[in-house]
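# Give me the fold of what follows.
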Amino acid sequence: MKKIKPKILRPGSRIAAISLSWGGPGTVQYRYEIGKQQFEEEFDVTVVETAHALRDADWLAKNPEARADDLMAAFADETIDGIISTIGGEDSIRTLPHLDLDLIRKNPKVFMGFSDTTISHAACFKAGIVSFYGPSFMAGFAENGGMFPYMVDSVRRALFSAEPIGVIEPNRTEWTVEYLPWETPENQSIRRKLNPCEGWRFHQTDGSVEGQLFGGCVDVLDWLRGTDYFSAAGDLQGAVLFLETSEEGLPPSFLTRFVRCLAAMDILEGLNGILLGRPGGGVDPDTFAEYDDALCKTIREEYGLNDMPIVTNMDFGHTDPMFVIPIGMTVRIDSAKQEIAIDEAAVIDV
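So this is what the prediction gives:
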């Protein structure tokens, strides 16, 4: 089903910063403030915090309903043009009983985040609106020494432009997953160690498919299995599933088991393609191919889906810089051209 697009962001837009899981801003406030400042200066917008965004982590952990209330208030507030997560965490799933999907559907606006924010994206998908899997204030916008141009360009194309997003190019400079502890403020001035890019890997050489984007952090998606928020097989018929692994460094075998679950749920065979982000966390780059193998061999050898397009080692999720994925939009995978594109805008200009 076609999703409702939110309104475009512009210079002067008001963006709500929200803490839906871990209370990062209340724990490492300077890191949040840097992300807020760098985002405001780059995009000429104003960031305002939701009522509980800056509360300490312990209080937020004990009050999932308050976190949900913040999200509902931000969607309902006509003065707010967009909502962006401050950071991820591990328990956004506790907010689900307190969400009003009708309210979200009637008030579509830009919503962005990644990692544990996968839970809230699933709610937006169920509510019928396009949302955006992309950077948060503390991870992405607060990048040490300034934001990556590749990410900035993707945010502009996805959120601030009514032109078709078009071909999504791989990052051709360098990437990083190095963790410099945020608890040490001096680390903020240290650029993270960068690695050379090897490009995306297309595991098919011909054909072109299209499908509606759905997915997120595979660790978190797995928690939703069996709920109404992990879309039923019919909802994902013809979809393109995007997956990425968190900083916890899940082993390749997790992908194998997840794919088997998709098959048991009658979802796998109905997919039009799968996109896999570069492994997150402290995974040795020399083992990245093992993640590709786990995904491809399970799909090809165990289920005989030899024609399904699979693209791996992509620049999204727990890797920097990342590009923004508009969940619910139609993506085109052209294996012959080794090209991925979104042929329309993800926001409306009104």
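# those helices in the stretch 151-300 of the chain, which residues are they?
With DSSP state H, counting those that start in this stretch, the ranges of helices along the stretch 151-300 of the chain come out as 218-224, 252-264, 288-297.
# Pull the residues that contact the last one.
The reference is to helix 288-297. Helix 288-297 has contacts (CB atoms under 8 Å, 6 or more residues apart in numbering) with 201, 203, 245, 252-253, 255-256, 259, 274, 276, 278-279, 310, 312-313. To be clear about C-beta, it is placed using only N, CA and C from the backbone, and glycine gets the same treatment.
# Can you say which of the residues you listed are buried?
201, 203, 245, 252, 255-256, 259, 274, 276, 278-279, 310, 312-313 (16 or more other CB atoms under 10 Å).
# Going by distance to Asp320, which of these wins?
Within the buried ones among the contacts of helix 288-297, the smallest distance to Asp320 is 9.8 Å, found for Arg278 (CB to CB).
# Angles on the backbone of the closest residue to that closest one other than its chain neighbours, please.
Excluding the flanking residues, the one nearest Arg278 by CB to CB, 6 or more residues apart in numbering is Thr319, at 4.3 Å. For Thr319, the backbone dihedrals (degrees, to the nearest 10) come out as phi -150, psi 150.
# isn't Thr319 right next to Glu178, touching?
No - using CB atoms under 8 Å, Thr319 and Glu178 do not qualify as a contacting pair, with a distance of 10.7 Å.
# how far is the helix or strand where Phe132 lies from where the chain is centred?
Counting by DSSP states H and E, the secondary-structure element that holds Phe132 is strand 131-133. For strand 131-133, the distance from its own C-alpha centre to the chain's C-alpha centre is 6 Å (CA atoms, centre = their mean, to the nearest Å).
# Which secondary structure elements does it sit against?
Strand 131-133 sits against strand 110-113, helix 118-127, strand 325-327, with contacts defined as 3 or more CB pairs under 8 Å, 6 or more residues apart in numbering; DSSP states H and E.
# make it 10 Å
Packing partners of strand 131-133 (3 or more CB pairs under 10 Å, 6 or more residues apart in numbering; DSSP states H and E): strand 82-85, strand 110-113, helix 118-127, helix 149-159, strand 208-217, strand 325-327.
# low pLDDT regions in the stretch 151-300 of the chain?
Judged by pLDDT under 70, the stretch 151-300 of the chain has its weakly predicted residues at 232-233.
# And the most centrally placed residue in the chain, what's its pLDDT?
In the chain, the centroid-proximal residue (CA atoms, centre = their mean) is Tyr133; its distance is 2.5 Å. Predicted confidence (pLDDT) for Tyr133: 98.
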